[in-house]
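1. Give me coordinates for this.
(one chain, ligands or ions: 1)
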Amino acid sequence: MYKMVIGLEVHSELKTKTKCFCGCKNEFGSIPNTHCCPVCTGMPGALPVLNQKAVEYAIRAGLAVNCRINEYSVFERKNYFYPDLPKAYQISQLEYPLCVGGEVEIETNGVKKTIHLDRIHLEEDACKLIHKDYGTLVDYNRGGVPLIEIVSKPDIASAEEAVAYLKKLRSILLYIGVSDCKMQEGSLRCDVNLSLHKEGEPLGTRTEMKNLNSFRAVQRAIEYEAKRQQEELEKGNKIIQETRRFDDVTGKTYSMRTKEDAQDYRYFPDPDLIPIEVTKEYIEEIRSSLPRMAKQRAEEYISKLGLTEKDAMLLTEERSVADYFEEVLKDCNNPKFVCNWILGEVFKKMNATESEDIKVSAKNMAKILNMYNSGEIGQSVARKLLDEVWDTDKDPAQIVEEQGLKQINDEKGLEAIIQKIIDDNPKAVAEIKAGNQKIMAFFVGQAMKATSGKANPKMVNELVNKLVK
Ligand SMILES: [Zn+2]
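-> Numbers count the residues shown, from 1 in each chain. Next up, the predicted model:
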């Protein structure tokens, strides 16, 4: 039985205002080749100047995953010749990275596991190549954008663990606000190193799959590549150390080139950049600015707000959701109720509209929930209001006023409506009397219909029970 040994190299673009070594804008989606200058296009004689914010963000990321921050680290040139690299080298780090060690805790199928990190280093992104039928275009806007590379130890043993690890990293980076982690825009992408071996035997030869940019691609690439390697090994063939490309359409991996070793890149310290030296005080200053992270918030939600572990985990997975939950609580202090509503109705709405954000302000959400909680509106109206204020963020109280959506809690009025339904449906009444209790639902439904869904459902139920005798 073969075991998978997987290590991930995750690249995350930092959301600084400007690039890593020049003043060009760091912005996705602009007109190609509008954010470039002599430095990031590698003109002879142009000199790089380090962006301090990029260093701060990289340290922030390191601290969030318990790395040790090196007070002394060095930029090196990684030399290779390719059109996405105008200088013919990438400024990166090798011998002395900014952050070393660290760990990320993951959970798959209820089992917790720690994935250890090797390092996090700071580097610049390469340019973007756009392949067309008639040739390849180069967009220099991405060239020189600051990037952290998070290198894990080969602690990952399955596709599920790899995806869980990647999701956890993404959540952490979003919490600390250093990257927007948009996989579809390439600001979070990953390389997978994978090999197989049998228990007790030495590690096998690994292959590397580059630039996977969705959780699904990571999952499929690992599953396919493990199967391919196993088949090769069973045939008695050797695995070749190489870089392979995963094709999203066929779901297969293809050989691209034999893998370079570090020595092929002729790394050497960049003579244009002095080493990065940071003080202990500076590191501690950054540490003290870290926000409350998912784990801490989840613990608080369980111990102070009485939520279940499962709910707390779901609420804190994304910082934006956890922040939102806390904002709504300020105006609607009923944690369990707010939690249920966010995990239920709000998540459903986000899925249905394919939106990544909650498109109602916390203030207005609290208004809806307060009206619902106090019985002023019913559940169906609360749902309808969510639909109406989504995107527009109109005042829900005003909509209730304008459209007359208040719940009918007037017992006398409802009694008259239900009595009329009973009088009009003698056959149904006879069926109930004959023992068919299911028909009760018919009366409740009719009463809700007669009041356009505004009747208090609990009251309707009670009245139907009382009147059909
Ligand atoms: Zn530039």
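2. Give me the phi and psi angles of whatever residue of the stretch 351-469 of the chain ends up closest to the ion.
-> The minimum distance from the stretch 351-469 of the chain to the ion, using C-beta to the ion, falls at E356 (29.6 Å). In this view, the C-beta of every residue, glycine as well, is placed from N, C-alpha and C. Backbone torsions of E356, given as degrees, to the nearest 10, read phi -90, psi -20.
3. so what's the nearest residue to it once chain neighbours are set aside up against?
-> Counting by C-beta to C-beta, 6 or more residues apart in numbering, E356 lies nearest to M350, which is 7.4 Å off, once chain neighbours are set aside. The contact partners of M350, by C-beta atoms under 8 Å, 6 or more residues apart in numbering, come to E356, D357, I358.
4. are any of those residues buried, and which?
-> I358 (16 or more other C-beta atoms under 10 Å).
5. Dump the contacts of M350 to CSV, plus pLDDT.
-> What follows is the contacts of M350, written out as CSV (pLDDT from 0 to 100):
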residue, pLDDT
E356, 83
D357, 88
I358, 94
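6. elements contacting the strand of greatest length in the chain?
-> Using DSSP state E to define each element, the chain has its longest strand at strand 111-124. Under the contact criterion of 3 or more C-beta pairs under 8 Å, 6 or more residues apart in numbering; DSSP states H and E, strand 111-124 touches helix 52-64, strand 89-92, strand 99-100, strand 103-108, strand 146-152, helix 159-176.
7. Any chance of a markdown table for these, columns mean neighbour count, mean pLDDT and distance to D264?
-> Formatted as a markdown table, these follow (neighbours: other C-beta atoms under 10 Å; pLDDT from 0 to 100; distance: least, C-beta to C-beta, whole Å):
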| stretch | mean neighbour count | mean pLDDT | distance to D264 |
| --- | --- | --- | --- |
| helix 52-64 | 22 | 98 | 25 |
| strand 89-92 | 20 | 97 | 13 |
| strand 99-100 | 22 | 98 | 23 |
| strand 103-108 | 16 | 95 | 30 |
| strand 146-152 | 24 | 98 | 18 |
| helix 159-176 | 21 | 96 | 26 |
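8. Could you pull out the buried residues of the helix ranked longest in the chain?
-> Assignment by DSSP state H gives helix 215-234 as the longest helix of the chain. Of all the residues in helix 215-234, those buried under the rule 16+ other C-beta under 10 Å are 215, 217-222, 224-226, 228-229, 233.
9. Kindly state the domain boundaries assigned to this structure.
-> Split into domains by automatic domain parsing, the chain comes to 2-282, 292-403, 411-467.
10. next one: the last one to chain centre, how far?
-> Think domain 411-467. 47 Å (C-alpha atoms, centre = their mean, to the nearest Å).
11. got the phi/psi numbers for the residue in the stretch 51-200 of the chain positioned nearest to the ion?
-> Among the residues of the stretch 51-200 of the chain, G144 lies closest to the ion, at 5.6 Å counting by C-beta to the ion. When quoted as degrees, to the nearest 10, the phi and psi of G144 stand at phi 90, psi 0.
12. mind listing what it touches?
-> K19, C20, F21, C22, C24, V39, C40, E124, D125.
13. Tell me the one among the buried residues of helix 215-234 nearest to the ion.
-> A217 (30.5 Å).
14. just to revisit the earlier point, sheet-wise, list the partners of the helix or strand that the longest helix of the chain is followed by with their directions.
-> Downstream of helix 215-234, the next assigned helix or strand under DSSP states H and E is strand 242-246. Here strand 242-246 has these sheet partners by DSSP bridges: strand 207-212 (parallel), strand 253-258 (antiparallel).
15. List just the one of the ones you listed that sits closest to the ion.
-> Per C-beta to the ion, nearest to the ion of those: strand 207-212, 23.0 Å.
16. If we go by neighbour counts, what in the closest one is buried?
-> So strand 207-212, judged by 16+ other C-beta under 10 Å, has buried residues T207, E208, M209, L212.
17. which of those residues lies closest to A366?
-> L212 (40.1 Å; C-beta to C-beta).
18. was I right about the closest one contacting L194?
-> No: L212 is beyond contact range of L194, at 11.5 Å (criterion: C-beta atoms under 8 Å).
19. separation between the closest residue to the ion within the stretch 251-400 of the chain and D125?
-> Residue nearest to the ion within the stretch 251-400 of the chain (C-beta to the ion): D272, separated by 14.2 Å. Using C-beta to C-beta, to the nearest Å, D272 is found at 18 Å from D125.
20. okay, these two: which has more neighbours?
-> D125 (23 against 14; other C-beta atoms under 10 Å).
21. Test my guess that the more buried one contacts E13.
-> Yes: contact status for D125 versus E13: in contact at 6.2 Å, counting by C-beta under 8 Å.
22. anything in contact with each of those two?
-> By C-beta under 8 Å, 6+ apart, the residues touching both D125 and E13 are V145, P146, L147.
23. Let's have the helices and strands packed on strand 111-124 in CSV, adding distance to L369.
-> Output for these, formatted as CSV (distance: least, C-beta to C-beta, whole Å):
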stretch, distance to L369
helix 52-64, 32
strand 89-92, 50
strand 99-100, 42
strand 103-108, 30
strand 146-152, 39
helix 159-176, 25
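24. Show me the contact partners of stretch 203-211.
-> Contacts for stretch 203-211 (C-beta under 8 Å, 6+ apart): 5, 7, 154, 189-197, 221, 225, 229, 233, 238-246, 253, 256, 259.
25. Surely Q263 is within a helix?
-> Yes: counting by DSSP: H, G, I helix; E, B strand; the rest coil, one finds Q263 located in a helix.
26. Show the pLDDT at it.
-> With respect to pLDDT, Q263 scores 73.
27. In PDB, could you pull the C-alpha coordinates for stretch 154-173?
-> Written as PDB, here are the backbone C-alpha positions of stretch 154-173 (Å, rounded to 0.1, in the frame of the first residue of the first chain):
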ATOM      1  CA  PRO A 154       5.900  17.200   3.500                       C
ATOM      2  CA  ASP A 155       3.400  16.600   6.300                       C
ATOM      3  CA  ILE A 156       0.300  16.300   4.100                       C
ATOM      4  CA  ALA A 157      -1.000  12.800   3.300                       C
ATOM      5  CA  SER A 158      -4.100  13.200   1.100                       C
ATOM      6  CA  ALA A 159      -5.900  15.500  -1.300                       C
ATOM      7  CA  GLU A 160      -8.400  16.300   1.500                       C
ATOM      8  CA  GLU A 161      -5.600  17.400   3.900                       C
ATOM      9  CA  ALA A 162      -4.100  19.500   1.100                       C
ATOM     10  CA  VAL A 163      -7.400  21.300   0.500                       C
ATOM     11  CA  ALA A 164      -8.000  21.700   4.300                       C
ATOM     12  CA  TYR A 165      -4.600  23.200   4.700                       C
ATOM     13  CA  LEU A 166      -5.000  25.600   1.800                       C
ATOM     14  CA  LYS A 167      -8.400  26.700   3.100                       C
ATOM     15  CA  LYS A 168      -7.000  27.300   6.500                       C
ATOM     16  CA  LEU A 169      -4.100  29.300   5.200                       C
ATOM     17  CA  ARG A 170      -6.500  31.400   3.100                       C
ATOM     18  CA  SER A 171      -8.600  32.100   6.200                       C
ATOM     19  CA  ILE A 172      -5.600  33.100   8.200                       C
ATOM     20  CA  LEU A 173      -4.300  35.500   5.500                       C
END
